[in-house]
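1. Mind folding the following:
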Amino acid sequence: MNRELMLSLLNKVVRVDRGGPESRVGKVFSAQSDYFALLTEEDGIVFYKYQHIKSITQDSRNGMKLNVEVPEDYPFASFMDFRSVLNELRHKWVKINRGGPESVEGVLEEVFDDFITIVKNEEVIRVAMFHIRNVSYGPKPEKKPEKQDEENN
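-> Next up, the predicted model:
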């Protein structure tokens, strides 16, 4: 996967990877030099590194629906590279490698060239930068209110 492909999918709903614990459906809302941002209903905004993406699926019939909106004041979507995103997330609660056996969550304490440091309870966890597939942060997005049929009221 690369930036050019993800730019062509901006504001479209896609499935990242075909299945398994890392697979997510969401709206692509940013594509930068080495990562893209996906807005999901379950996890909020997830930042994916291109090098770890196996597949991107777009439903040609627009069958994949997403009932969330991109937060207007979300500052992280425009950072030029993945490391800049991580630096901005310092001292915030994050989840690394969502859903898989290597999933880690806690406070992102420090970002180094080769690894990051996460603190969770009494544990200090160091994760190699190369092995970070994705990271999510912050509150989950609010769902758009469903349009109610006024005839039923």
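
2. show me where pLDDT drops low in this structure?
-> Low-confidence segments of the chain (pLDDT under 70): 62-64, 70-78, 138-153.

3. now do 80
-> 20-22, 59-78, 99-100, 138-153 (pLDDT under 80).

4. where exactly do the helices run in it?
-> Ranges of helices in the chain, per DSSP state H, are 3-8, 82-88.

5. Give me the most central residue, the chain.
-> For the chain, the residue sitting closest to the mean C-alpha position, by C-alpha atoms, centre = their mean, is residue 46 at 0.8 Å.

6. Leaving out sequence neighbours, find the closest residue to it.
-> Leaving out its chain neighbours, the residue that sits closest to residue 46 by C-beta to C-beta, 6 or more residues apart in numbering is residue 136, at 4.4 Å. Yep, even glycine has a C-beta here, placed from its N, CA and C like the rest.

7. Verify the stated contact: the one you found with residue 43.
-> Yes. Shown here, residue 136 and residue 43 form a contact pair, counting by C-beta atoms under 8 Å, at 4.9 Å.

8. Give me the more crowded residue out of those two.
-> residue 136 (24 against 19; other C-beta atoms under 10 Å).

9. ranking the helices of the chain by burial, who's on top?
-> When these are scored by mean count of other C-beta atoms under 10 Å, the highest mean neighbour count falls to helix 82-88 (a mean of 19).

10. quick one: residue 24 from residue 137, how far?
-> Using C-beta to C-beta, to the nearest Å, residue 24 is found at 15 Å from residue 137.

11. just residue 117 next, same as before
-> According to C-beta to C-beta, residue 117 and residue 137 sit 16 Å apart.

12. Compare these two and say which is more crowded by neighbours.
-> residue 137 (20 against 16).

13. The nearest residue to residue 39 once chain neighbours are set aside: what's it in contact with?
-> Nearest residue to residue 39, sequence neighbours excluded (C-beta to C-beta, 6+ apart): residue 27, at 4.7 Å. Taking C-beta atoms under 8 Å, 6 or more residues apart in numbering, we find residue 27 in contact with 11, 12, 13, 14, 38, 39, 66, 68, 70.

14. Was I right to think the first one contacts residue 29?
-> Yes. With contacts counted by C-beta under 8 Å, residue 11 reaches residue 29, the gap being 6.6 Å.

15. Specify which residue of the two has the higher count of neighbours.
-> The residue with more neighbours, out of residue 11 and residue 29, is residue 29; 17 against 9, by other C-beta under 10 Å.
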